[in-house]
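Student: A structural model of the following input is requested.
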Amino acid sequence: MKASAALMCLSVTLALAAGQVLFKQGALQISGAGFWERLIQALTNAYLLAGLALYALTTMAWVWVLTQVPLSRAYPFTALAFVIVPVAAHYLFGEAWHLQLLIGSLLIVAGIIVIGSA
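Tutor: Numbering: from 1, shown residues only. Below you'll find the predicted structure:
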């Protein structure tokens, strides 16, 4: 895979992870008691709207990536989001980080390296 294609795959993955962080931040601000109150809070929440907009842009970027890279080579990069999001959640939201998460993350990175070297 060319370096530019790998960089584009990584950029899409980072944007997906950023979208998850925006969704979490938005979810933290929803605190209404009833369904309708929560729905209105969600529909007017800037973080949730930003996350949705980012996902829309990321989808368009992903389609462009797929014009350049076979799906079987590009898709494994998205697994990096399973590493990036927990790390971001730990530092941004104070979520717990534990040994199993570390081991799983290392296995994901190793798998991506193996797939990328094929």
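Student: what's the distance between Ala110 and Ala33?
Tutor: 46 Å (C-beta to C-beta, to the nearest Å). The way it works is simple: take the backbone N, C-alpha and C, and place the C-beta from them, glycine included.
Student: what residues of the longest helix seen in the chain count as buried?
Tutor: Ranked by residue count, the top helix of the chain under DSSP state H comes out as helix 3-28. For helix 3-28, the neighbour count (16 or more other C-beta atoms under 10 Å) marks 5-6, 8-9, 12-13, 15-26 as buried.
Student: downstream of that helix, the next helix or strand is which one?
Tutor: Using DSSP states H and E, the next helix or strand after helix 3-28 towards the C-terminus is helix 35-43.
Student: list the contacts of the residue nearest the centre of the chain.
Tutor: Centroid check for the chain by C-alpha atoms, centre = their mean gives Ala17 as the closest residue, at 2.3 Å. Listed by C-beta atoms under 8 Å, 6 or more residues apart in numbering, the contact set of Ala17 reads 80-81, 84-85, 88.
Student: now it. Nearest residue, chain neighbours left out?
Tutor: Ile84 (4.1 Å; C-beta to C-beta, 6 or more residues apart in numbering).
Student: check which helix or strand that neighbour maps to.
Tutor: helix 81-93.
Student: what's that helix in contact with?
Tutor: Applying C-beta under 8 Å, 6+ apart, the contact partners of helix 81-93 are 13-14, 16-17, 20-21, 24-25, 28, 95-97, 101, 104-105, 108-109.
Student: which positions in it come out as buried?
Tutor: Residues 81, 83-86, 88-89 are the ones in helix 81-93 that count as buried (16+ other C-beta under 10 Å).
Student: all set now, cheers.
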